[in-house]
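S.K.: this one's structure only:
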C-alpha cells in the first residue's frame, strides 16, 4: 500500500515526503481529533465567559483561540506560519504517544495544519451560507433609502480613509492597504441586532435603519472582499481590473439571486421527492458547496458563492426546516473558523515593549480610529428624519464581527497582508465589538432623557 | 509567508514538497469542495435509487461510491492508492481551472486525498457514536440469554471458519486472514431491523432475538475490530498479545460505561448550564472526539472510543434532543465514509476475464459462502423455544452492513489487507445485504403457511 513515493521516482533515495505515509494515518487522525477537542473547549469556554460578561459569544471564541494559539499556550499552531513542529502542543502529545521520527512528526504536523485549515474554511463557508439564509432581501425594501445611504457611506468612508491613510501616511503597499481598508467596511448584523434587542430598540426607527444598513453592508462587504482577494491573487491593481472584478462579483450575486427564483422551486420539489435520511441537508449542501466551488473557480471567493446560495433559498416550509438542520452543523464547524483566526493571530507583534513593533502598533491605533470615526459619521447622513438619534445610528454601525474576521483570515491565508496588519485588523474587530454595546446604551439613554426637548 | 520549506534545509535544492504552498491553498479548497459535491451527489442518487428498489439506502451510497471511484468514473480517487494525479477527475478539473504545474497539482492531489480521508474517518466516528447512542444496553437484558447465544455463535463461527479457511486453503498470511474473518462477524442492526419492521415481525419472538443478537454482535464486532487492527499495527500475533488486547478493549468499553453513569449526570448539568449556541452538540462532540482520541492514543481504535461515548450518554431529555441534533451532522459526514469505501474499492481486481484475478475471485466466493453459512446455523443453537422459526433467525442474521464496511475501510487504510481481499469483503457486504430482504420474506412466509403444522 505504501506506494506513495512512486510518483517521485526522481527522489527515491530520499524517502521523505510531507504527506503522511499510510502507517502514520492513525497519527494524523489522532492529531486532528485532539486539535478539535482543544478548539471546541476554547470556543465553548470563551463563548460562555463572554456571554456571562454580556458580550457577544463570538468575541469569547476569538479570545479562546488567541489563548490556545500562537500568542499564548501554543496548543494549536499552524505549519504554514513557519513555526517548527516542536512549537505545536498537539504535536508534542503525538510525539509522546507514538514516538515517531522528527521528520515523520513534521509531515503529520503539516497535514494536520492543512486539515484544520480546510475545516475552518468549510466553517466560514457554512457561516456565510447561514448569513445569506438569514438575509431577507424583501425586508430591505421596507427599510428604504435611509438604510442604503447609511450603508454606502459606512462602507465608502472607512474604506477610502483606511486605504488612503495606510498608503500615504504609513507607506503600506497598495494590495495590503486595500485589504485592510476593506476589512473596515462590514458592520456585524449579529452583534448589532442582539444589543438593539436587549435595549428594546430593534423596532425603533434608529434600530431599523441600523439593521437594514448592516445587512446591505454585509452584501457590499462580501463583494468588496471578493474583489480585493481576487486583486491579491493577480497582484495587479489597475482600474479596468478593479471595474471588471466589481462587475463580475455583482453579476454573480445578482445573477444567482435572479436564477435562484427558478432554482428555489426546483429545490423544494427535489427535497419533497427524496425519501432517505438527509433529504434536506444534503441537497442544500450540494448547492452551497457547488456555489462556493463556483465562486472559487471563477477566481472570486468561495464565501461569495456560499452567501449567494443562502440568499437564493427563499422562505418556504423546507427553508424553515433547513434553518433548524443547519444549526448543529454550523455550531460544529463555525467555531473552528473563529478559534483558528484567534490561534493564528500573534498578538506578540503588537507588544509595545519591542521597538520594532511600534509602527505596527501605530497602524493598529490608526485602523481603530478610522473604524470608529468612519461609521460614526453615518448617523449624520440620514436626511428628512427630524429628531432622529444620529449618534445612536453612528454608534450602532461601529461593531465589526464575523465578516471583519473573514477578511483577516482570508487575507492572512492568501499572504496578501502581513502579520502586524492581520493582528491590527483582529484587534480592531475585538475593540469595536467591545465598545459598541456600552456606547450604544449611552447613546440611546441620552436620547430617552432628552426626548421631550427635541423638536 | 512561504517558509514551509525552512524545516527541510537538507533538501533545499529540491523545491518539491507534498504540502500545498500558501498560494495553492484556494486550489486545495476548490478541490475539496468539488469532491464533496460529487460525493454527496453519488450518495444521494445511490441512496434514493436503492430506496426505490426496496433495498437499504447504504447499499446505494456504496454503489454510488463505486461508480464515481476507481472502478468506473475515476472522479474520486486517492493518492495513497498509488494512482497518478492524471487519473483523478477532480484534479483534471483543477488543472483546467488553474493551469498549475504537474508537481503543484500532485501536491494538491495528495493533500486533497488526505482531507477527504480524514473527513471520511470523522464520518465513521460519528456513525459509531450514533450507533452507540441507539444501543440500549438495558433492552438487551430483556431479550435474554437466547440472543447472547445466537450472537456469540454468529460471531465465532464465521470468524473461525473464515480465518482458518483463508490460512489453510488459500495460504493467506495470519493478519489479513484474521482481518477478513473478523469482517464476517457483525450483523447490521439497521438493515435487519428495517426489513423486520416491513414484515411486521419486529416484535415477534424471532424478531426480538435477531435484533438483540445483532446489537450484541455489533459490540463484539467492534471489540474484535479494535483487537485485530491493533494486531495489524504491531504485526505480531501471539496469544499473550491477543489476550491483553481483548482485555484492554473490553475494559475500555466496560470501564467507559461504568464511569459513564457519573459522567452522564455531569453532562446534563453542564449542558443545562450553557447559554450559548451549540450548548448540546459541542459538549457531546468534545466527549465523542476525546473518547475517539483516547481509543487511538491507547493503540486501540478511534471508533471504539466513539462507540463507548455513545453508550455512555444515557436516556435523558438532553440525550433525546442530542439525537435530533446529531442527525444532520451524521447525514453530512457519514455518506463521505460510505462513498469513500466504494470509491476506493477497485472491482477490477475481481474481473474473471483476467487470469491473475481468479484466486481473488475464489476467495470472494469462499468469504460469501462462509458469511451466509456461518450466520444461518445460528438459528439452530436457539434452545428451549419449541416451534420457533430457526431458518428466519438464521437468515435474519445474514446481512452485514456498516460495521463490515468499517472493517474493509480500516483494514485497507492501515495496509493490513490487500486490494483483492478488501474488494472481496465489500462484495460480501453487498451480496449479503442484497440477499437478506427477499430471503427473510420467504423464511417468514413459510413459517406463516406452515404455522398450524408445527408442534
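M.R.: Thanks, I have the structure now. Every value quoted in this text rests on a predicted model; they were computed, and no experiment measured them.
S.K.: from here on, contacts and neighbour counts on C-alpha atoms
M.R.: Fine.
S.K.: Next up, identify which helix or strand the closest residue in space to residue A:37 that isn't next to it in sequence is on.
M.R.: Among residues not flanking residue A:37 along the chain, residue B:286 sits closest, at 5.2 Å (Cα to Cα, 6 or more residues apart in numbering or on different chains). Assigned by DSSP states H and E, residue B:286 belongs to helix B:281-297.
S.K.: what's next to whatever helix or strand comes next after that helix, contact-wise?
M.R.: Following helix B:281-297 in sequence order, the next helix or strand is helix B:302-312 (DSSP H and E). Contact with helix B:302-312 is made by A:30, B:124-126, B:128-137, B:222-223, B:226, B:253, B:256-257, B:260-261, B:263-264, B:287-289, B:291-296, as judged by Cα atoms under 8 Å, 6 or more residues apart in numbering or on different chains.
S.K.: and if we set it to 7 Å?
M.R.: B:125, B:128-133, B:135, B:222, B:226, B:253, B:256-257, B:260-261, B:264, B:287-289, B:291-296 (Cα atoms under 7 Å, 6 or more residues apart in numbering or on different chains).
S.K.: remind me which residues of chain A are low pLDDT?
M.R.: A:1-23, A:139-143, A:190, A:446-455 (pLDDT under 70).
S.K.: Okay, angle between the longest helix belonging to chain A and helix A:281-297 too, please.
M.R.: The helix that spans the most residues within chain A, counting by DSSP state H, is helix A:239-273. For helix A:239-273 against helix A:281-297, the angle by axes from the mean of the first three to the mean of the last three Cα atoms, to 10 degrees is 170 degrees.
S.K.: And the closest residue to residue A:242 other than its chain neighbours, how far from residue A:178?
M.R.: Nearest residue to residue A:242, sequence neighbours excluded (Cα to Cα, 6+ apart): residue A:227, at 7.1 Å. Separation of residue A:227 from residue A:178 (Cα to Cα, to the nearest Å): 10 Å.
S.K.: Residue A:171 now?
M.R.: On the measure of Cα to Cα, residue A:171 and residue A:178 end up 12 Å apart.
S.K.: Between those two, tell me which one has more neighbours.
M.R.: residue A:178 (27 against 11; other Cα atoms under 10 Å in any protein chain shown).
S.K.: Without its sequence neighbours, what residue ends up closest to the more buried one?
M.R.: residue A:163 (5.2 Å).
S.K.: Contacts for whichever strand or helix holds that neighbour, please.
M.R.: Using DSSP H and E, residue A:163 sits within helix A:145-168. Residues from elsewhere that reach helix A:145-168, judged by Cα under 7 Å, 6+ apart: A:172-174, A:177-178, A:180-182, A:184-186, A:209-210, A:212-214, A:216-217, A:367, A:370-371, A:374-375, A:378, A:381-382.
S.K.: Name the next helix or strand following it along the chain.
M.R.: With elements assigned by DSSP H and E, the helix or strand that comes after helix A:145-168 is helix A:174-183.
S.K.: Which segments of chain A make up each domain?
M.R.: If you go by automatic domain parsing, the domain ranges for chain A are A:10-116, A:122-450.
S.K.: Dump the ones you listed into a markdown table; add distance to residue B:25 as well.
M.R.: Shown next, in a markdown table, are the domains of chain A (distance: least, Cα to Cα, whole Å):
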| stretch | distance to residue B:25 |
| --- | --- |
| domain A:10-116 | 9 |
| domain A:122-450 | 8 |
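S.K.: Figure out which of those is closest to residue B:115.
M.R.: The minimum distance between residue B:115 and the domains of chain A falls on domain A:10-116, with 5.6 Å, by Cα to Cα.
S.K.: and the residue in the stretch 101-250 of chain A that chain B sits nearest to, what is it in contact with?
M.R.: Residue nearest to chain B within the stretch 101-250 of chain A: residue A:115 (5.6 Å; Cα to the nearest Cα). Residues counted as contacts of residue A:115 (Cα under 7 Å, 6+ apart) are residue B:115.
S.K.: again, only using 10 Å
M.R.: A:28, A:29, A:32, A:109, A:121, B:111, B:112, B:114, B:115, B:116, B:118, B:119 (Cα atoms under 10 Å, 6 or more residues apart in numbering or on different chains).
S.K.: give me the element the last one is part of.
M.R.: The one in question is residue B:119. helix B:102-134.
S.K.: Report the buried residues of that helix.
M.R.: Residues of helix B:102-134 classed as buried by neighbour count (16 or more other Cα atoms under 10 Å in any protein chain shown): B:103-134.
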